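1. Next one to model:
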Amino acid sequence: MQLDLMLTALLASIGVIGGPDGPTATFVVGQDPVWQAMTILGKGMLGIFVVMILIALIVVLLTRLSTPKK
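-> Residues are numbered from 1 along each chain as shown. Model prediction:
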């Protein structure tokens, strides 16, 4: 029964954009490629900023440890 409902929901979300010569493209409702790309981009940028902050903290720590005390 669950499989039937899942297949029905899947088939209901798939559509075909067609012209007079037949189907030209298939689309799936609920999946926006631009939104998916933005989430991947956001995760990558967040990772880069975290690494940059970690490097900056390591540099500050090493600078404080290596400077001679007066």
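2. so where's this protein uncertain?
-> Within the chain, the stretches with pLDDT under 70 are 1, 5-31.
3. repeat that with 50
-> Within the chain, not a single segment meets pLDDT under 50.
4. What is the one helix or strand M52 maps to packed up against?
-> Following DSSP states H and E, one finds M52 within helix 33-66. Based on contacts counted as 3 or more CB pairs under 8 Å, 6 or more residues apart in numbering; DSSP states H and E, there is no element that helix 33-66 packs against. Just so you know, the C-beta spots here come from the backbone N, C-alpha and C atoms, and that holds for glycine as well.
5. Can you pull the domain assignment for this structure?
-> The chain is divided into the following domains under automatic domain parsing: 1-30, 32-70.
6. part of a strand, is K69?
-> No: using DSSP: H, G, I helix; E, B strand; the rest coil, the secondary structure at K69 is coil, not a strand.
7. Run a quick neighbour tally on V60.
-> The tally of other residues near V60 (other CB atoms under 10 Å) stands at 10.
8. Distance of it relative to S66?
-> The spacing between V60 and S66, counted by CB to CB, to the nearest Å, is 11 Å.
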